[in-house]
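K.L.:
what's the 3D shape of this:
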Amino acid sequence: MPRLLPALAVTLGLLAGSVTNLQAMTFEPYTVTSPKPDFRKIRANGIEKPVLKMGIIKLTDCVPIVAARELGYFAEEGLSVSIEVQGNWRLISEGLVSGTLDACHMLAGQPIGTSVGYLGQADIIVPVSLDLNGNAITVSNAVWASMQAIEPRLKEANHAHPISAAPLKAIAAERAAAGKSLKFGMVFPVSCHNYELRYWLAAGGVHPGFYKGLDDPTGTADAEILLSVTPPPQMPQTMAQGTIDGYCVGEPWNQQAVKLGIGVPVAIDHDIWKYNPEKVLGVTRAFADKNPNTVIAMTKAIIRAGMWLDASKENRKKAVEMLANPAYIGAEPGVMAASMLGTFEFQKGDVREVPDYNVFFKHDATYPFPSHAVWYLTQMRRWGQLPEAKPDSWYLEQAERIYQPKIYRAAFAALQAEGKLPADAALPSSDYPLVPGADFIDGIPFDPSKPNAYLAQFSIGLK
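P.N.:
Residues are numbered from 1 along each chain as shown. This is a model prediction of the structure:
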């Protein structure tokens, strides 16, 4: 089971205290730095490519890459890293495959989808994870009012979470009868947002639709609610215009809906699957094969950044200031700080403690578990992106080809030898940990060694 490193337990408690008073918090303007690489480390570490370009999307979970650069962790490894904001996830993949980007902030499912040939083929590997959790599902004010009418408890102050998707079944049926489908946005067909939204809907008895194989980008067959791709920064505006009725996205775009008064977050992904994998660092296999020491150096810096991010509230605040610079996200610090500092506002004034909304190091957040890849592959099969059933062995082979704990373990060992990790830091005992049913909103346990048995448990979905 994932563990919290004991040496961080005390400082991490700073994120779990009383609800942060964000209105009283002052954020300082942040000036992007230009850290100079340690040229001695280029030779000492055998760095094959010291000058790198990394791509990010404007989401708070790009912060391990940003912090690794701004704190000089990349530079200490002999790397000179520039960060380039990309407009959408397709551009991230295209930049990586074309070689205009060397490494990228990627959806955890993106390397998996490209490697198995969904909507194109590319050989991308994952040496390190960037975070766990971090998403939420938000509905428009009109949909929220309809959900409250169906389920009166939702009108009560401090009503219990998680909120089921079940009321949406009747709302979708009413809309369909009027000739107007209920529509939700998600960021990409192989994103955790897509699979979390589908998981949440199906757990509430609502059919989110099937894909018709490797070449179908829509996934609307038999759907009671239509899901479509919307770039994260455009989510609030698209919902405000009435083009979509809700969405699943990372921060700061759910909190932005609350701030603008246009929507209500109804579920966070920690309620759908506790400590779910969210973003990863992706590189092509060709790049990793040609530059193995460079990839280990990148991984070391990301691990250190994750540890720094989870070490204190003060560090998280500093990270928010970094992200607020227009070179990165450029959003209002107070909006980004809500989730980054361990609170989340579900409605105006309904602010709740969610200390693990974003996790960057604890619970083995940086470790690239092959079991995570297995879960993504099961969801690709469940919703039809994989058109045919596969044996269990296929799932495990694909997972181990894409997610690379061997690289991570080499980076971890180097950091230990350099004294840059706590003395009692430990690697996970298994690459395929069991996930109990209590960690999922529908109570279905996940044994990554038996993906077909896992799929057989769902009442909605392909087997």
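K.L.:
how about the strands in this protein?
P.N.:
With strands called from DSSP state E, the chain shows them at 51-56, 80-85, 103-107, 124-129, 135-140, 183-186, 226-229, 246-250, 263-268, 279-284, 343-347, 350-353.
K.L.:
can you redo the ones you listed as JSON lines with mean neighbour count and distance to Gly117?
P.N.:
From N, CA and C alone the C-beta is placed, and that goes for glycine too. Shown next, in JSON lines, are these (neighbours: other Cβ atoms under 10 Å; distance: least, Cβ to Cβ, whole Å):
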{"stretch": "strand 51-56", "mean neighbour count": "20", "distance to Gly117": "22"}
{"stretch": "strand 80-85", "mean neighbour count": "17", "distance to Gly117": "27"}
{"stretch": "strand 103-107", "mean neighbour count": "28", "distance to Gly117": "17"}
{"stretch": "strand 124-129", "mean neighbour count": "26", "distance to Gly117": "12"}
{"stretch": "strand 135-140", "mean neighbour count": "27", "distance to Gly117": "26"}
{"stretch": "strand 183-186", "mean neighbour count": "25", "distance to Gly117": "21"}
{"stretch": "strand 226-229", "mean neighbour count": "20", "distance to Gly117": "19"}
{"stretch": "strand 246-250", "mean neighbour count": "29", "distance to Gly117": "25"}
{"stretch": "strand 263-268", "mean neighbour count": "25", "distance to Gly117": "31"}
{"stretch": "strand 279-284", "mean neighbour count": "27", "distance to Gly117": "16"}
{"stretch": "strand 343-347", "mean neighbour count": "21", "distance to Gly117": "37"}
{"stretch": "strand 350-353", "mean neighbour count": "15", "distance to Gly117": "42"}
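K.L.:
ok, which of those strands comes nearest Arg401?
P.N.:
strand 124-129 (7.8 Å; Cβ to Cβ).
K.L.:
quick one: contacts of the closest one?
P.N.:
93, 96-97, 106, 108, 110-111, 114-115, 277, 279-285, 288, 295-296, 298-299, 302-303, 365-369, 372-373, 401-404, 407-408, 411 (Cβ atoms under 8 Å, 6 or more residues apart in numbering).
K.L.:
which ones among the residues you listed map onto helices?
P.N.:
Of these, the ones assigned to helices by DSSP state H are 93, 96-97, 110-111, 114-115, 285, 288, 295-296, 298-299, 302-303, 372-373, 401-402, 407-408, 411.
K.L.:
buried ones among these?
P.N.:
93, 96-97, 110-111, 114-115, 285, 288, 295-296, 298-299, 302-303, 372-373, 401-402, 407-408, 411 (16 or more other Cβ atoms under 10 Å).
K.L.:
coming back round to it: dump the strands of the chain to CSV, plus distance to Gly205.
P.N.:
CSV is the format used below for the strands of the chain (distance: least, Cβ to Cβ, whole Å):
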stretch, distance to Gly205
strand 51-56, 37
strand 80-85, 39
strand 103-107, 27
strand 124-129, 32
strand 135-140, 16
strand 183-186, 16
strand 226-229, 16
strand 246-250, 17
strand 263-268, 15
strand 279-284, 30
strand 343-347, 23
strand 350-353, 26
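K.L.:
Leu434: which of these is closest?
P.N.:
Taking those one by one with Cβ to Cβ, strand 124-129 is closest: 18.6 Å.
K.L.:
tell me the buried residues in stretch 200-208?
P.N.:
200-204, 206-208.
K.L.:
name the residues that touch it?
P.N.:
137, 164-169, 172, 197-198, 219, 222-225, 227, 248, 267, 272, 383, 441-442, 458-461.
K.L.:
what mean pLDDT does that stretch get?
P.N.:
Mean pLDDT, computed over stretch 200-208, is 98.
K.L.:
centre of the chain to stretch 415-434, how far?
P.N.:
Centroid displacement of stretch 415-434 relative to its chain, using Cα atoms, centre = their mean, to the nearest Å, is 22 Å.
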